[in-house]
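Asker: any chance you could fold what I've pasted below:
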Amino acid sequence: MFDTLSDRLTSVLQNLRGKGRLTDADIDSTAREIRIALLEADVALPVVRTFIAQVKERAK
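Answerer: Now for the predicted structure:
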């Protein structure tokens, strides 16, 4: 389970590498992929919502 989650998160973050500036669309699509990966790994929904909100806030 952790290997799959780790692989998915690594894949998502590699898509962001090399971009000089992140757009709102980049942040939203990345947050969506992270949300899906966490939910598939059976992370509780309130935890996922809080985490994604914090990530979006820091990314902007």
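
Asker: run through who's touching stretch 5-12.
Answerer: Taking contacts as CB atoms under 8 Å, 6 or more residues apart in numbering, the residues outside stretch 5-12 that touch it are 30, 33-34, 37-38, 40-41. Placement of C-beta: from N, CA and C, glycine included.

Asker: taking those residues one by one, which sit in helices?
Answerer: Using DSSP state H, the subset of the contacts of stretch 5-12 located in helices is 30, 33-34, 37-38, 40.

Asker: out of everything not next to it in sequence, what's closest to the residue nearest to the spatial centre of the chain?
Answerer: Of all residues in the chain, the one closest to the mean position by CA atoms, centre = their mean is I34, 2.8 Å from it. Here the nearest residue to I34 in space, its sequence neighbours aside, is V12; by CB to CB, 6 or more residues apart in numbering that works out to 6.0 Å.

Asker: pull out the buried residues from the helix or strand containing the one you found.
Answerer: Counting by DSSP states H and E, the element that carries V12 is helix 2-14. Residues of helix 2-14 classed as buried by neighbour count (16 or more other CB atoms under 10 Å): 5, 8, 12.
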